[in-house]
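1. Provide a 3D model corresponding to the input given below.
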Amino acid sequence: TAKLLWGVYLLLTLAETLLLKFVGKMDWFDSICHSFATVATGGFSTHTASVGAFDSVAVDAIIMLFMFLSGINFSLHHSALTGRPVRYLKDPECRAYCLILAGCGLFMTLNIWVGGYGTLARCLRDAFFTGISVLTTTGFCTADFDRWPDASRLLLVILMFVGACAGSTGGGMKIV
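-> As a prediction, the model looks like this:
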């Protein structure tokens, strides 16, 4: 079982490294370091401004995808890789994880947009990136969420406690 889960971990890390390198914003060092920090949900960046230093929609999207995937139970990834992707949909914790991220991301997007934080596209990008980062306890950032309205900041604190799915690399109490 451990070998299978390490295989999933290695596959996610390798896939993210290659994607980050080939979008053209990162060198190999940054790509590898950010991939290790994303999949392990450690969030350590090679830059003081974290992922925000790259100011790239492509980099943000790739890291969001892999933070999201790293917050899901790795046994579900293994099932999907062995031809049973429907297990994602059948797993109540995975469904709750997706609903929490979608609901909180949309709420924060509207809350910070109405608060005058920026364009709707920028608010959508920053709200979902920050929400996924906080829920999975990764800790990467692209925005100064201390400037956001109180409702969004409170929601981020709640997400920190909730955490990701059991069997993932994310911290927190776990959704289960």
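2. what about the spatially most central residue of the chain, which SS state?
-> Nearest to the geometric centre of the chain sits residue 67, at 2.8 Å (Cα atoms, centre = their mean). Per DSSP: H, G, I helix; E, B strand; the rest coil, the local secondary structure of residue 67 is helix.
3. got a list of what it touches?
-> Neighbouring residues of residue 67 by Cβ atoms under 8 Å, 6 or more residues apart in numbering: 38, 41, 132-133, 136, 138, 140. Just so you know, the C-beta spots here come from the backbone N, C-alpha and C atoms, and that holds for glycine as well.
4. And it, how close does it get to residue 113?
-> To residue 113, residue 67 is 22 Å away according to Cβ to Cβ, to the nearest Å.
5. How about residue 134?
-> Distance, residue 134 to residue 113, by Cβ to Cβ: 19 Å.
6. On the pLDDT front, check the nearest residue to residue 54 once chain neighbours are set aside for me.
-> In space, residue 54 comes closest to residue 25 once its chain neighbours are excluded; the distance is 4.9 Å by Cβ to Cβ, 6 or more residues apart in numbering. As predicted, residue 25 sits at a pLDDT of 90.
7. ok, residue 25 touching residue 58?
-> Yes - contact criterion Cβ atoms under 8 Å: residue 25 and residue 58 qualify, at 6.8 Å.
8. Same drill for these two, tell me which one is more crowded.
-> Taking neighbours as other Cβ atoms under 10 Å, residue 25 and residue 58 compare with residue 25 leading, 18 against 14.
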